[in-house]
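Novice: Sequence and predicted structure are below.
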Amino acid sequence: MTHPKQVACPTCSTFTPWSPKNPFRPFCSERCKLIDLGEWASESHRIAGDKIDPNEPSEGDASK
Ligand SMILES: [Zn+2]
């Protein structure tokens, strides 16, 4: 049993060894990690942002 534990990359489902040599675990690569984080962020933004009114003044406008 010398095989390291394998985990499936959440982004591309590629099996990658869960080892200290992989700083991106559970992702197989930095690319997959960034993709996942990016999708999570955009998804979160879409939910939290509700419907953004383009006419709404941006925060920190001239009202101060
Ligand atoms: Zn991957």
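Specialist: Structure received. Residues are numbered from 1 along each chain as shown.
Novice: where does this structure come near the ion, residue by residue?
Specialist: Where the chain comes near the ion, counting by Cβ under 5 Å from the ion, the residues are Cys9, Thr11, Cys12, Thr14, Cys28, Cys32. Placement of C-beta: from N, CA and C, glycine included.
Novice: Buried members of the residues you listed into PyMOL, please.
Specialist: To isolate the buried members of the residues of the chain next to the ion in PyMOL, using 16 or more other Cβ atoms under 10 Å:
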select buried, resi 9+11+28+32
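Novice: how about the residues of the chain next to the ion in CSV, adding secondary structure and pLDDT?
Specialist: Formatted as CSV, the residues of the chain next to the ion follow (DSSP: H, G, I helix; E, B strand; the rest coil; pLDDT from 0 to 100):
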residue, secondary structure, pLDDT
Cys9, coil, 95
Thr11, coil, 93
Cys12, coil, 95
Thr14, coil, 95
Cys28, coil, 94
Cys32, helix, 94
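Novice: Among the residues of the chain next to the ion, which one lies nearest to Pro54?
Specialist: Thr11 (32.1 Å; Cβ to Cβ).
Novice: okay but the closest one is in contact with Cys32, surely?
Specialist: Yes - using Cβ atoms under 8 Å, Thr11 and Cys32 qualify as a contacting pair, with a distance of 3.7 Å.
Novice: Might you report the residue contacts of Phe24?
Specialist: Residues near Phe24 by Cβ atoms under 8 Å, 6 or more residues apart in numbering: Glu30, Cys32, Lys33.
Novice: hmm, try it at 7 Å
Specialist: Residues near Phe24 by Cβ atoms under 7 Å, 6 or more residues apart in numbering: Glu30, Lys33.
Novice: And the helices in this structure?
Specialist: 30-48 (DSSP state H).
Novice: what sits up against stretch 3-20?
Specialist: Applying Cβ under 7 Å, 6+ apart, the contact partners of stretch 3-20 are Asn22, Arg25, Pro26, Phe27, Cys28, Cys32, Ile35, Asp36.
Novice: Same list, those residues, but as TSV with distance to His3 please.
Specialist: TSV is the format used below for the contacts of stretch 3-20 (distance: Cβ to Cβ, whole Å):
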residue	distance to His3
Asn22	14
Arg25	15
Pro26	16
Phe27	19
Cys28	16
Cys32	21
Ile35	27
Asp36	25
